[in-house]
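# only geometry, no sequence info:
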């Protein structure tokens, strides 16, 4: 394999604390380049900062812009083998034009016309779908058809066969979240094609996975081994909504149940372990009661949020936006996040936190409301 | 501390493979006794058998006998500080008259008169209640009142304050299961008295623990650490029943969901880990469809079953019984168990299996139906 | 299977807080007996004490008495198939004459004449040997001959084939520790006979297990899965002694290394997990420097100690003994233990603590030196 | 925070399976760019390949080139606060000129002049040193001086204070390995300055960490909790060499001990868990006996090897090199690796495999020797 001309350039002349750029040093640096070497002392400021400084930027994508474009793509772009999905990904403005919402996370709007299929495939990337509006599509996972409806969260762990089928007469759009950037970076991705049509067009209310698994605290005796990802393929809005309402009601009754006053939240979990639904992706749902402002929080790792309902104001580092239904925003690592709402706000969130927790790199810093940062 | 006269007697003269009982050997054995020593060679047959040979016997206790006696105790025996509970325990006929259903498990019927309290205490023993009939009592756990109704399973992990209160005008009986024998054997038991009356007479439909935890796959963000025992204090019959029905329906549709044909089963689990509800006790619910016979199964460890509904025939080793609603039976370690039913059978089960699994002493042997054992 | 006449007797008339013994109550109690039932209220004081109250007693067995008896057994009792081992077990005076040093632990002196074999067998009981003096025997584990020498600790996890061979011209005695009582109680024991002679009479200095595993922090690439018990079959005195000396030296240099001043200690661990060598048995070695007295310590669970070297004074509850080389003593659950020495003391210890830790029943209470208890 | 002009360009016109590039589609693509969106169908070939296709290239860096350059840097570049280390990193030719040996791993030669200090700092990056030749430097970790000598491996888990001190009259060079690229990518890095001089110039043979921890299978009673990274700060060559020799000797005696014929290998492990020394980095040492050729192996994740001794031929994908002492080579994800030697070869290896194992993305494929791939 031919090695290309050296791509290395030792150019950090202006970095602080550098040795005097003598002719001898220049010779040494040219020697480094020839041998594909780079000194630490020219790079350390970038590589080893005092705290995380992400290339990713805080950014918001407006549902009112996204949805019409997805509809237009529905007219112009077919879905089929090769392209695989009519999915349009958020590209963080700090990440060089790649379709990466954050360094590790992919977020896209997917759109399926009436009666359309998205062909069956499988990949090592962990994925999920979240439905902010609409219904009528079934995701068929290893032959099990899973209905998609507003508020539902559908995890889709790596290496399971899956396709989508719109069984209705109306188009449907939803959000896909994946760890594509992370697996791309780590060179761990495998992919296989399945059939071009989904295995079944059955359209049951509840998937088989739900009938086996969606009973609180109960586990089928035939499925007793812990699995790396959740076997439950749909977390229905009905349960999420109720869990959040109960937390706020318990708070009102004087009991400890919320993250902070007015802020209810649940994490979607793998019932075989109690941990995250997938090894690389954490998913949560947050509900802020009217007139609530969260503490300011920084975390190692990045997140993408989608507004499910209500409206509010989000501050991420130096960026701040008024947000409403369907809007998606990216929160890079270690930037402070605050959310406030006057009339109430429901937020879906996904993040790469499990990666950092499993590798003991997680850190969180919380500044109580009203504190200077 | 004075040591009593030697309780040791080396008497296994008749054991096989013994050395000739010469005078010198007799002298040696008397020396052993004096020094509180016992040779292995006289004991090995008992202590190291080829497979487990439990002192416990298979035995059945009839609900039709138990309940009237509990009612009588309700008239004759008060409930209060000191005796603590009007509970009447099953005493396995092989275990020397101790109130032990098996070597490790306690099972009792508890009975509370209208408006009666059982005083608050806590203990290291893990406990649960299972309700085969009736309602009207609330168990108050750390101040959280938990309703008890037919089919409900209420785990009660060690060292939580708890009392019971009958808020109705009718008496109520239910089953208590604990690891009293195991903790007694291991000398690990601690006990503390609390107030003589329960902290609250509130009688809500759902406990606070259910409002926080009984949402399938969802976890409150404020409760993210795994706990040794389940934080969910009631597993309601509605969910158990539905999970079992779904398994049988899925089987009928051609999918893998049941333990074996016609045999649905769920395990009650700790949502923070996916494992057993308590460190020492496993609990399950089994439903046999009409005309079902299970495979024959042996396990290391012992179980107690209660018939929740229906009727059937149970064979444990050389014992066999026709069973019906409320009957309780004990299955000692490694005895083969088969259950058959003509019209359908619902069975609650608890066992000490987690002890053996956690210590890597678990073994299971299954003989398919119709196989000679 | 015929059920014997009821072994149950409800006789706790004198227990405190009992209901008045009316004729009706007597009738009820007779009914209980007939149905194999025992009320909690007559038993609770015994079964649910405020803290563990073991039937086991603190007791010491003197090496000066044990060894001569083992020698005598060497003359009078053959070793062979059936009796299996010339092992003489400590019988705790509180445990009804059973060969149980504590409720869960077996401890015995084993003795092998010159050129004698102890036949090959395997059992689910976890076992180990510890050598207080002598050498010349090889334990052959799954065909791997492991030399036994003073100070060596040889774990022998359940269900491995093993026999012993004395390859020397002198007899040898050592200590066997097992979880026989615990597995007997739990009805989990399996046993199989192997050949009557050991597979090999090879007498290498180091076993194959040591050649693979006794390299600090290094693991063979061919053995990467965690195993429930340690794959290392001998922990040599040379390493134990050095580890303890280093702790005391570090303490002298001003660094934190000892349990408390003058008290060095190591735990024998499974290099595949960092945890205990076996699932049910913990083993440790303690060294007290001259003029050291330990804090007083209570633990859930029981221990057996053997004095390896030196002399000292041991206090267990109300018992107190002067101890010297080879002496063995039992410490029941929750009794306070203090050890003191004028000229230095080396102690080998084994306990059932892993059972309680894995079941979340462990508790420890430490009273600093000089504190009233 | 101002968002820059859109960095997004939808340009995959030539990708296969693309919709016809009509004016309407062009309009849509321009709309995507404006909204910072990128469609999946233009990117899927790159992002979701059938198997990992790393940007990284197989590459070798020759010790004979590296060391003279490090020596020259020793003359021209001071070591001190700001630049922190005189370390020169390998820059993989496929990774855009960044000092990354692979996408996740940093490898550098570090050089310290006689009596020089490298200042104290700490960072979240996990690090280690490996010494291919020389001695005389002590790494001081949290005040504990650790000698560095040929063959020694010194793990240095994240967030521990550390500096280096050359206590000798000769310069010394060694290899640093870190997860800098991975933590840079994930935005998880924190960094703090400590003193400019090391806390101590003591030069003991063995560090305190070794005196506490380098005893096979023994654990100080004062350090019983599992730690994410190893507490043992030096793995000495003496032990590594012996472990490898024993594996080959056992193989010669007919026992299973080697990875494959003639191929001995150990993994450096954390004695508190039995797992990898650090959460993100795996380290191993491989020894090939003369006339050995390994099977061909592909793995998810990347590795860097350094030749410690001997010579051989390495094939990575389409690249092949003759290697000798000190040479370093990078193996990207999923490229097939084969190593062969005529006279024997000792190889140190580090990799990012723990990242993939902990996230359930690990895969290995082994083609036995002589198999077509």
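Done, it's in. The structure displayed is predicted, hence computed values, not measured ones.

# give me the domain ranges for chain A.
Recorded structural domains for chain A (assignment: automatic domain parsing) are A:59-213, A:237-367.

# turn those into CSV, including distance to chain C and mean pLDDT.
C-beta coordinates here come from the backbone N, C-alpha and C atoms, glycine included. As requested, these are arranged in CSV below (distance: least, Cβ to the nearest Cβ, whole Å; pLDDT from 0 to 100):
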stretch, distance to chain C, mean pLDDT
domain A:59-213, 20, 97
domain A:237-367, 16, 98
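
# would TSV of those with distance to residue D:340 and mean neighbour count be doable?
Output for these, formatted as TSV (distance: least, Cβ to Cβ, whole Å; neighbours: other Cβ atoms under 10 Å in any protein chain shown):
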stretch	distance to residue D:340	mean neighbour count
domain A:59-213	25	21
domain A:237-367	34	20
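
# what does the stretch 101-250 of chain A have sitting close to chain D?
In this structure, the stretch 101-250 of chain A approaches chain D at residues A:103-104, A:108, A:123-125, A:158, A:180, A:183-192, A:228-229, judged by Cβ under 8 Å from any Cβ of the partner chain.

# in strands only, show me those residues.
Per DSSP state E, strands hold the following members of those: A:108, A:123, A:191, A:192.

# so the third one makes contact with residue A:123?
In this case it means residue A:191. Yes. Counting by Cβ atoms under 8 Å, residue A:191 sits close enough to residue A:123 to count as a contact (4.5 Å).

# what sits in contact with each of those two?
Residues touching both residue A:191 and residue A:123 (Cβ atoms under 8 Å, 6 or more residues apart in numbering or on different chains) are residue D:48.

# how about the helices in the stretch 101-250 of chain A?
Defined through DSSP state H, counting those that start in this stretch, the helices belonging to the stretch 101-250 of chain A, from first to last, are A:180-186, A:208-213, A:237-253.

# got those helices as TSV, with distance to chain B columns?
TSV is the format used below for the helices of the stretch 101-250 of chain A (distance: least, Cβ to the nearest Cβ, whole Å):
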stretch	distance to chain B
helix A:180-186	23
helix A:208-213	4
helix A:237-253	4
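
# columns distance to residue B:67 on top of these, output as TSV?
Converted to TSV, the helices of the stretch 101-250 of chain A look like this (distance: least, Cβ to Cβ, whole Å):
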stretch	distance to residue B:67
helix A:180-186	60
helix A:208-213	36
helix A:237-253	36
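
# for those, which one sits closest to residue D:133?
Proximity of the helices of the stretch 101-250 of chain A to residue D:133 was assessed by Cβ to Cβ; the nearest stretch is helix A:180-186, lying at 32.8 Å.

# contacts only, for residue A:317.
Contact analysis of residue A:317 by Cβ under 8 Å, 6+ apart lists A:58, A:332, A:335, A:336, D:1.

# same thing but 6 Å
A:58, A:335 (Cβ atoms under 6 Å, 6 or more residues apart in numbering or on different chains).

# whichever strand or helix holds residue A:285 vs helix A:237-253, what angle?
Following DSSP states H and E, one finds residue A:285 within strand A:282-288. On the basis of axes from the mean of the first three to the mean of the last three Cα atoms, to 10 degrees, strand A:282-288 is oriented at 50 degrees to helix A:237-253.

# and stretch A:215-227, how far out from the chain middle?
Relative to the mean C-alpha coordinate of its chain, stretch A:215-227 is positioned 27 Å out (Cα atoms, centre = their mean, to the nearest Å).

# my guess is residue A:246 contacts residue B:211. True?
Yes. Under the criterion of Cβ atoms under 6 Å, residue A:246 makes contact with residue B:211 at 4.1 Å.

# got the residues of the stretch 251-373 of chain A near chain B?
A:255, A:259, A:265, A:266, A:267, A:269, A:271, A:272, A:273, A:274 (Cβ under 6 Å from any Cβ of the partner chain).

# which residues touch residue A:191?
Counting by Cβ under 6 Å, 6+ apart, residue A:191 touches A:123, D:48, D:50.

# returning to that earlier point: of all the helices of the stretch 101-250 of chain A, which one is nearest residue D:326?
With Cβ to Cβ, the closest approach to residue D:326 among the helices of the stretch 101-250 of chain A belongs to helix A:180-186: 28.5 Å.

# ok, and what's touching that closest one?
With Cβ under 6 Å, 6+ apart as the contact definition, helix A:180-186 has outside contacts at A:100, A:104, A:106, A:125, A:189, D:47, D:185.

# for chain C, what is the nearest residue in chain A?
residue A:226 (15.0 Å; Cβ to the nearest Cβ).

# and that residue, how far from residue B:283?
When distance is defined by Cβ to Cβ, to the nearest Å, residue A:226 is 19 Å away from residue B:283.

# and for residue A:113?
Applying Cβ to Cβ to residue A:113 and residue B:283 gives a distance of 49 Å.

# check residue A:203 too.
Going from residue A:203 to residue B:283 by Cβ to Cβ gives 36 Å.
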